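**Q** Sequence first, predicted coordinates after that:
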Amino acid sequence: MNFKKHMFNSKLLAVCCASILFVTSCGGDKPKEEDTNNKDVVDTDTAKTAVLNVGGELFSVPSPIQTAMLIQKSGVTYDKAVLNISKNANTYTNDFARSLNLGIYGADLGYVSMYNQTQDAIGYLAAVKQLADKLGVSAAFDQQTMKRIETNIANKDSMLVLVGIAYRASDAYLKTNKRTEVSSLILAGGWIESMHFSINAYKQKPSNEVKFRIAEQKQALGSIIKLLASNTAPEAIELGKQLSDLAKVYDGIQFKYTFVEPTTDSIKKMTYINSTNEVLVSKEQIEQITAKIQEIRTKITNVQS
């Protein structure tokens, strides 16, 4: 499909990447050369758990793209109703709300892209551009970056490619301009939306994989809380308290590791890991997590001032 027919331009695409990259950035890796030929290219960095270095401390947070891939792979169908309405971008009038919802819209954009919902992506691109411009994120991209984005625009995996191209530029921009509070809020928004996706996917089609994804977020949640701790704004403090309440639910979730001797196939020269990880999470705990995420997300997406 020719994205240009839908009025996608290089600047808009660059800005859209900003919303996803803040929640997929791996920080500190050397840039990879992107393929500018007409080939299918996927930057797998975007689907990995992000390891962020903030103030010399490392934080690990799964990327929204990783979550969207898992949900799609599990057979859950596309559901536009789980997304934050794109026109809500007009109602976010301070940097706190804009930052959180830029993270949310970035996750939404990753979600619609994984399901190839180009028409829906148009509205989210516009919402992302609006918030990113207000936050000054657009300045992270130079002409060379946007030209590379434009070159890859027709690729069917273009959204993942674009994230891979762009995230390092904006990560460096925020660090240079000492805007860690903004990036932390964007990261938090993306994580909350990813949790929202996982919860709704589990409701639609329960699976052990999605349940495990929900349950394993204890460490990521701890990272988010620590990242927000340096933000002394009243709204950020309140969000930190809400997330800390959620963390109390996670304290009751346990993981059981069972060691089984690995086996080796000498002919194939392969060693197989047979140990297993089992998550011990009750229906009540999933319900409590669901209620808390819904409460937090509703407050964020409904903020108007």
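**A** Sure thing, it's come through.
**Q** Please name every helix or strand in contact with the host helix or strand of residue 298.
**A** In this assignment (DSSP states H and E), residue 298 forms part of helix 283-301. Secondary-structure packing of helix 283-301 (3 or more C-beta pairs under 8 Å, 6 or more residues apart in numbering; DSSP states H and E): helix 95-114, helix 180-204, helix 208-215, helix 234-250. Quick note: C-beta positions are derived from backbone N, CA and C, even for glycine.
**Q** Go through the ones you listed and name the closest to residue 129.
**A** helix 95-114 (9.9 Å; C-beta to C-beta).
**Q** Around residue 135, how many other residues sit close by?
**A** Neighbour count of residue 135, defined by other C-beta atoms under 10 Å: 18.
**Q** Skipping adjacent residues, who's closest to it in space?
**A** Once flanking residues are discounted, residue 135 sits nearest to residue 98: 5.5 Å by C-beta to C-beta, 6 or more residues apart in numbering.
**Q** Residue 273 now?
**A** residue 262 (5.4 Å).
**Q** Look up how far residue 212 lies from that neighbour.
**A** 22 Å (C-beta to C-beta, to the nearest Å).
**Q** The two: which is more packed in?
**A** For residue 262 versus residue 212, neighbours defined as other C-beta under 10 Å are more numerous around residue 212 (17 against 10).
**Q** isn't the more buried one right up against residue 286?
**A** No: Residue 212 is not in contact with residue 286 according to C-beta atoms under 8 Å; the separation is 11.4 Å.
**Q** hmm, back to that, would you point to the one among the helices and strands packed on helix 283-301 that's packed deepest?
**A** Most buried of the helices and strands packed on helix 283-301 by mean neighbour count (mean count of other C-beta atoms under 10 Å) is helix 95-114; its value is a mean of 27.
**Q** helix or strand right after it?
**A** Following helix 95-114 toward the C-terminus (DSSP H and E): helix 118-135.
**Q** in that next one, what counts as buried?
**A** 120-132, 134-135 (16 or more other C-beta atoms under 10 Å).
**Q** what angle sits between that helix and helix 95-114?
**A** 160 degrees (axes from the mean of the first three to the mean of the last three C-alpha atoms, to 10 degrees).
**Q** other SSEs contacting helix 118-135?
**A** helix 10-21, helix 95-114.
**Q** By mean pLDDT, show me the worst of those.
**A** In terms of mean pLDDT, the lowest-scoring of the helices and strands packed on helix 118-135 is helix 10-21 (a mean of 47).
**Q** so for stretch 251-268, what's the average pLDDT?
**A** For stretch 251-268, the mean confidence score works out to 86.
**Q** ah, wrong one, I meant stretch 125-141
**A** Over the span of stretch 125-141, the pLDDT mean works out to 78.
**Q** State the distance from residue 248 to residue 273.
**A** 33 Å.
**Q** quick one: least confident helix or strand in this protein?
**A** helix 10-21 (a mean of 47; mean pLDDT, DSSP states H and E).
**Q** Perfect, that will be all.
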